[in-house]
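**Q** Quick check, what structure comes out for this input:
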Amino acid sequence: MKVESRKVAIVHYWLINWRGGEKVVEAMLELYPDADIYTHVYCEHGTEGKLLGKNVFQTFISKLPKAKKWYQKYLPLMPIALEQLDLREYDLVISSESGPAKGVITHPDALHICYCHSPMRYVWDMYPDYLSSAGILTRSVMRPLIHYLKMWDRLSADRVDIFVSNSEFVSKRISKFYRRESVVINPPVDIEEFEYCEKKEDFYLVLGQLTPYKRADLVVDAFIDNGKNLVVIGDGEQYRDLKLKESKNIKILGRAEWSVCKDHLKRTKALIFPGIEDFGMVPVEAMACGTPVMAFAQGGALETVVDGVSGLFFFEQSKEAIADCIQRFESTEFDRAGIRKHAESFSKRNFLDKFKSLVNEKLEETRK
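**A** Residues are numbered from 1 along each chain as shown. As a prediction, this is how the structure comes out:
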């Protein structure tokens, strides 16, 4: 689906791996296949070669020592790097924001649309968590730097013409931190990529980054107590600690190929989603397989999971609440075909149609 030809730039914070934010960029490139891509750091291997043949331009951050590994350490320099980009030739600039991306300076007549996956969590609502987990020296440096980044992030929001949020949850955070309204367009899930499976196997699944706020540790602790089968797929700061808890019934697989992830989503009896996500594409991907989801009842999960229909909620981040939810799950019947049908409302086609319609409407307004 290609839209009217015009000079388009897509700005994404960093292209180091291929997860939810990068899949949104991939869908945007279906609308604008000739768009130039700007990012702080690009890794061809980490992005699975998805951008081969595309024009990918990197900021000076990519030239700094070990940028592909230490890119997040260079966060304070990213505002300067964005403002050095020359985007004057572009009619349409789309920034994909979760790390710094929206702070580019565009031509006065250009339309700048920011698709916001989340205001920077480490600057705003999760700043106390990052601060408390840092060492003494890092904390002393973080405080003034984060103060500066907060001011820049708020001011750079004024450079955006239209904000698009990936969920109502993020829309509220945009309103809170930037005092801006936003249009909600859920991110695209390629439903056809996932195989529907009626018959499930006897194991539960956790899939995602093993970072503290995602709370995979609570799920593992619940399964240590109940003895049921659990598979955990993902990598991150908690991987080593969780690997030590591996047992006969708990398998910690670490990072896995996407084909392995899809296979487990198809076969598992349920996905367990214990963190607070801005949207969360993995629950939708599970539901596309006809797999129900047990989720913590906050954040984007409230917009994707229908309690008692496509899964169940638990209302406290604790191993006891998760254990109770598992017990309720095992006495609940689910219409797996209905779960798949529900997932289709988050399809890539819906995203493309809504995003294209919004862009064309706003471009038409700029002509008047």
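**Q** Would you mark the buried spots in the helix or strand hosting Leu149?
**A** According to DSSP states H and E, Leu149 maps onto helix 136-156. Within helix 136-156, the residues scored as buried using 16 or more other C-beta atoms under 10 Å are 142, 146, 149, 152-153, 156. For glycine as for every other residue, the C-beta is placed from the backbone atoms N, C-alpha and C.
**Q** out of those residues, who's nearest Thr106?
**A** Nearest to Thr106 among the buried residues of helix 136-156: Ser156, at 11.7 Å, using C-beta to C-beta.
**Q** quick one: the closest one from Val184, how far?
**A** Relative to Val184, Ser156 is positioned 21 Å away (C-beta to C-beta, to the nearest Å).
**Q** per-residue confidence at the spatially closest residue to Trp70 that is not a sequence neighbour?
**A** Nearest residue to Trp70, sequence neighbours excluded (C-beta to C-beta, 6 or more residues apart in numbering): Leu64, at 7.7 Å. The confidence metric pLDDT takes the value 96 at Leu64.
**Q** The one 3 residues further on now?
**A** In this prediction, Ala67 carries a pLDDT score of 93.
**Q** show me what contacts it?
**A** Contacts here follow C-beta atoms under 8 Å, 6 or more residues apart in numbering; on that basis Ala67 touches 40-41, 61, 74.
**Q** repeat for Tyr90
**A** Listed by C-beta under 8 Å, 6+ apart, the contact set of Tyr90 reads 7-9, 36, 106-107, 110.
**Q** got those as CSV, with distance to Leu363, pLDDT and secondary structure columns?
**A** What follows is the contacts of Tyr90, written out as CSV (distance: C-beta to C-beta, whole Å; pLDDT from 0 to 100; DSSP: H, G, I helix; E, B strand; the rest coil):
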residue, distance to Leu363, pLDDT, secondary structure
Lys7, 12, 93, coil
Val8, 11, 96, strand
Ala9, 15, 97, strand
Asp36, 18, 97, strand
Thr106, 14, 95, strand
His107, 14, 94, coil
Ala110, 10, 94, coil
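**Q** So which residues of the stretch 1-150 of the chain form helices?
**A** In the stretch 1-150 of the chain, the segments counted as helices under DSSP state H, counting those that start in this stretch are 20-31, 67-70, 78-83, 127-133, 136-156.
**Q** So for Glu198, which of these sits nearest?
**A** The minimum distance between Glu198 and the helices of the stretch 1-150 of the chain falls on helix 20-31, with 26.4 Å, by C-beta to C-beta.
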